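Novice: A predicted structure for the sequence below; I have some questions about it.
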Amino acid sequence: MEGTQLKLFYHFSSVLLSNTYLIGPEEGGDAILIDPGEMDVQLLRLIERNSYYVRAILITLPQPTQVHGVKTLLKIYDSKLYGNDDMIYDCRCRKLTSGSRLFIAGYEVEVMDLTGEKRGPLAFRIENLVFTGTIFTAGNTIRSATLRQRTKILAEVDAQILSLSDDVLVLPGAGPPSSVRAERALRENE
């Protein structure tokens, strides 16, 4: 699979107002799905029209907007589920820890924890893409955190995401995509 170009697809759930991402090789084959908030006809068509087979489902945080489609997907595809707990939506899950690196569907996946909480949200880096879930959106980090939590999250975002190269894309669970370059510029202007 070395030398194979990674393709990124985006699916927006207008029901849950959340983003789902699909990545796989240019020519089809094994793929990874990130945060399947909703499994609908459009997502199934996206997977099938590109000749993908979902081998892995990565979950940034097991909340409905990120996992509502998991059970349906697991009925269609023999996928492995990865997240921050042993069980997600009554489905067995491989529990991930910050800093671990996995090889899934031919891609290296780096696991990041931006909160330090036991079952806190995860972020995933695959090549020049960082999938942040709802902990980070373009121009903003999580709003519901206390000031102390927000300070810690901002420090982790600075250390783990904004330290990456300018061309790395930041793909949130809600809202538009961004880049490390844009987020660094916004932070400098705060």
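Specialist: Happy to help now that I have it.
Novice: quick one: Gly99 is in a strand?
Specialist: No. Applying DSSP: H, G, I helix; E, B strand; the rest coil, one finds Gly99 to be coil, outside a strand.
Novice: Do you know the pLDDT at it?
Specialist: pLDDT, Gly99: 85.
Novice: Can you get me a residue count around it?
Specialist: 10 (other CB atoms under 10 Å). Glycine gets a C-beta too; all of them are placed from N, C-alpha and C.
Novice: For Ala185, what is the enclosing helix or strand?
Specialist: Applying DSSP states H and E as the criterion places Ala185 in helix 180-188.
Novice: in that helix, what's buried?
Specialist: Within helix 180-188, the residues scored as buried using 16 or more other CB atoms under 10 Å are 180-181, 183-184.
Novice: what packs against it?
Specialist: Under the contact criterion of 3 or more CB pairs under 8 Å, 6 or more residues apart in numbering; DSSP states H and E, helix 180-188 touches no helix or strand at all.
Novice: Quick check: nearest residue in space to Gly37, chain neighbours excluded?
Specialist: In space, and not counting its chain neighbours, Gly37 is closest to Ser18: 3.8 Å by CB to CB, 6 or more residues apart in numbering.
Novice: does that neighbour really touch Thr65, like I thought?
Specialist: Yes. Contact criterion CB atoms under 8 Å: Ser18 and Thr65 qualify, at 4.1 Å.
Novice: neighbour count winner among the two?
Specialist: Ser18 (26 against 20).
Novice: picking that back up, between Ser18 and Thr65, which contacts overlap?
Specialist: Common contacts of Ser18 and Thr65 (CB atoms under 8 Å, 6 or more residues apart in numbering): 35, 37, 134, 173-174.
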